[in-house]
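A.B. asks: Please find the sequence and the predicted model below.
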Amino acid sequence: MKAKLCAFPGCFDIATIGKYCKQHQSVKQETSRREILIPRDRWGESLNDKFYHTQRWRNLIKDMPRVCAICGAEEDIEFHHVIPPRGDEQLFFDATNIVPLCHQCHTRITLCDNRHTVRKKSRLPI
């Protein structure tokens, strides 16, 4: 039987019964994992959504290489912000903060970044 991690955001203990570890068996999740991972404005949009649909963004990524910086794949390229801008326009459009990644590598990197954010925000012991 495969061991599974606790489903509580930021917890990396092994789930003993069901989806949660011993510490989180009785804790009800009041906020969803998505709310913790992606800061949103009061209308529920990501703080960066307003920048993705601009001509400035399209011009910025137009001349960027379409090769994954990690594995070298040339399909399903996405652009990753090394430092999450979280609504900061200057950081969002900083070309030195953007790296081309394939979908698979981008998902893996983002998951690692988000786990670190959840651990930090939830103030759970490491």
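C.D. replies: Structure received.

A.B. asks: Phi first, then psi, for residue 55.
C.D. replies: In terms of degrees, to the nearest 10, the main-chain angles of residue 55 are phi -70, psi -30.

A.B. asks: Next one: it, what pLDDT does it get?
C.D. replies: In this prediction, residue 55 carries a pLDDT score of 93.

A.B. asks: got the contact list for residue 11?
C.D. replies: Contact criterion C-beta atoms under 8 Å, 6 or more residues apart in numbering gives 5, 21, 23-24, 124 as the residues in contact with residue 11. In this view, the C-beta of every residue, glycine as well, is placed from N, C-alpha and C.

A.B. asks: Buried residues of stretch 67-81, list them for me.
C.D. replies: 68, 70, 73, 77-81 (16 or more other C-beta atoms under 10 Å).

A.B. asks: Identify, from the contacts of residue 11, the entry nearest to residue 51.
C.D. replies: Among the contacts of residue 11, residue 124 lies closest to residue 51 (C-beta to C-beta), at 31.5 Å.

A.B. asks: could you dump the contacts of residue 11 to JSON lines with distance to residue 11, secondary structure and neighbour count?
C.D. replies: As requested, the contacts of residue 11 are arranged in JSON lines below (distance: C-beta to C-beta, whole Å; DSSP: H, G, I helix; E, B strand; the rest coil; neighbours: other C-beta atoms under 10 Å):
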{"residue": "5", "distance to residue 11": "7", "secondary structure": "strand", "neighbour count": "14"}
{"residue": "21", "distance to residue 11": "6", "secondary structure": "coil", "neighbour count": "20"}
{"residue": "23", "distance to residue 11": "7", "secondary structure": "coil", "neighbour count": "14"}
{"residue": "24", "distance to residue 11": "6", "secondary structure": "coil", "neighbour count": "18"}
{"residue": "124", "distance to residue 11": "6", "secondary structure": "coil", "neighbour count": "16"}
